[in-house]
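Visitor: next input, structure requested:
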Amino acid sequence: MSGYVVDMEGRFRLTKKPPFLTPGYQAVGQKLDDVKGIRKRVPLEKDKNYDVPLQPQQTVVQFNSTYLETTGRNERRRGDAVGWGLFLLFITLSITTLYKFVLADLINNFDVFSLGVAVFFFISMFITIIFLINILSTELFTTWHYPIRFNRKTRKVYVRQYNRKVEVYNWDDLTFFIAYISEDRDIRAVTFDKDGETVTGMFALAFQNNVIDQSLISYFEFIRRYMEGDDQQLKEVKEAIRYIYPIHKKRETPLMSFKRLILNVLYYSHENIEYPERTFRFYPVILVILPLLALRYAGRVISMLTSYRHCFSPDIQAECQIDPSDPYDLNKHLPAGNLEQRNQPMWKTVVYSVGIAIATIAMIFVGAFMIDVMGAARPHGDYPSMVGKLWYVVSLGWLV
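Guide: Numbering: from 1, shown residues only. Predicted structure coming up:
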């Protein structure tokens, strides 16, 4: 399998990619020391009890005494690829309005320069479309989430990779380490060939950040203690969970999509975001990036609406049977943090709805401004101001 890469970040679904598309990705068949993109590794030990607080970081999808299921590494970034893809598609379609002028100039005044410009436009359009299809395929018409399931009874780990395949690992065969990559840091699990150096499989745990290793160790200890601990430690793991993200059984609502989106923006992710009331931080600069958040939000909603529920195979489901009377089944006995599955206060619904509306309007204004800029570049005729028309509607000028 040398030359094939495992997509650790889910940005491209193709399993065989040119090097410029794969920074930070891991090559199966290579020696770990030769893998590009990892600047530093900090080993983590499965048989060591780390004296740190357990931090699930709102990644738990299912929890019981048989298995623990978490989200995939890029769940919080879900929709980014669609959002940016839509933005690039908008730019591409806008540029096509210039083609008629290029073609007209080519027909009326044929020369080598005009031909070169036309060929460049068409080639760039073709490359952009292929690039967009590749990006959008990672988040459109796929599953709601990419689960990582840890079975403490069979000691197996089931991972749905971004190539849409489910890989099964033996927990005892996995080696863990904190990986420093150009973007941030995450926790990698890797298996080796008989030589103990050549990578045969790899995946990343759900939580990552770019601040401190302590939070990553706290997350690793949460997973490790579930798999290695006794009944008392299992209870400790259960009590550390304050929030269950039920994406395994129902699609995200638009409100839930918004809440998951801002986890990366308004919260200190290196702290324990199981308690968001403690980790919430607001900075005025957030107002500046509202258009970007609106783009990401729209992408997440579209991604969820076009995707479907993930189901493990019958064989895996048979290995993951839950005792109907399991006192550790948190999906039956929801922890304190799951307010949205209980009686959601009306004021929270109103606040979230207003925030979403403001962000969406801001993004529309940015899009209108970009249309005006491109329209002003047209060589023929006056172009009406889209921003002006939009403001006329939003300010209710049509009522005066």
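
Visitor: domain parsing for the chain?
Guide: Domain assignment for the chain, taken from automatic domain parsing, gives 5-79+139-344, 80-138.

Visitor: out of those domains, which one sits most buried?
Guide: Ranked by mean neighbour count under mean count of other CB atoms under 10 Å, those are led by domain 5-79+139-344, which reaches a mean of 17. From N, CA and C alone the C-beta is placed, and that goes for glycine too.

Visitor: chain center to that one, what's the gap?
Guide: Relative to its chain's centre, domain 5-79+139-344 lies at 10 Å (CA atoms, centre = their mean, to the nearest Å).

Visitor: hmm, back to that, of the domains of the chain, which approaches W391 most closely?
Guide: domain 5-79+139-344 (15.6 Å; CB to CB).

Visitor: could I get the average pLDDT for the closest one?
Guide: Here domain 5-79+139-344 scores 83 as its mean pLDDT.

Visitor: strands of the stretch 1-150 of the chain, start to end?
Guide: Here the stretch 1-150 of the chain has its strands, by DSSP state E, counting those that start in this stretch, at 5-6, 26-27, 38-44, 60-63, 67-70, 148-151.

Visitor: need those strands in TSV (columns: distance to E167).
Guide: Putting the strands of the stretch 1-150 of the chain into TSV (distance: least, CB to CB, whole Å) gives the following:
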stretch	distance to E167
strand 5-6	9
strand 26-27	13
strand 38-44	20
strand 60-63	18
strand 67-70	15
strand 148-151	10
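
Visitor: and those strands: which comes nearest A318?
Guide: Here strand 148-151 is closest among the strands of the stretch 1-150 of the chain (CB to CB), at 11.3 Å.

Visitor: now for that closest one, which elements pack on it?
Guide: strand 67-70, strand 156-160, strand 199-209, helix 213-228 (3 or more CB pairs under 8 Å, 6 or more residues apart in numbering; DSSP states H and E).

Visitor: for V52, find the nearest of those.
Guide: helix 213-228 (4.6 Å).

Visitor: elements contacting that closest one?
Guide: Using 3+ CB pairs under 8 Å, 6+ apart, helix 213-228 sits against strand 38-44, strand 67-70, strand 148-151, strand 175-181, strand 185-192, strand 199-209, helix 231-240.

Visitor: next, the angle from that helix to strand 185-192.
Guide: On the basis of axes from the mean of the first three to the mean of the last three CA atoms, to 10 degrees, helix 213-228 is oriented at 40 degrees to strand 185-192.

Visitor: how about residues contacting helix 213-228?
Guide: Helix 213-228 has contacts (CB atoms under 8 Å, 6 or more residues apart in numbering) with 42, 44, 46-47, 49-50, 52-57, 59, 68, 70, 150, 152, 155, 171, 176, 178, 185-187, 205-209, 233-234, 236-237, 240, 269-272.
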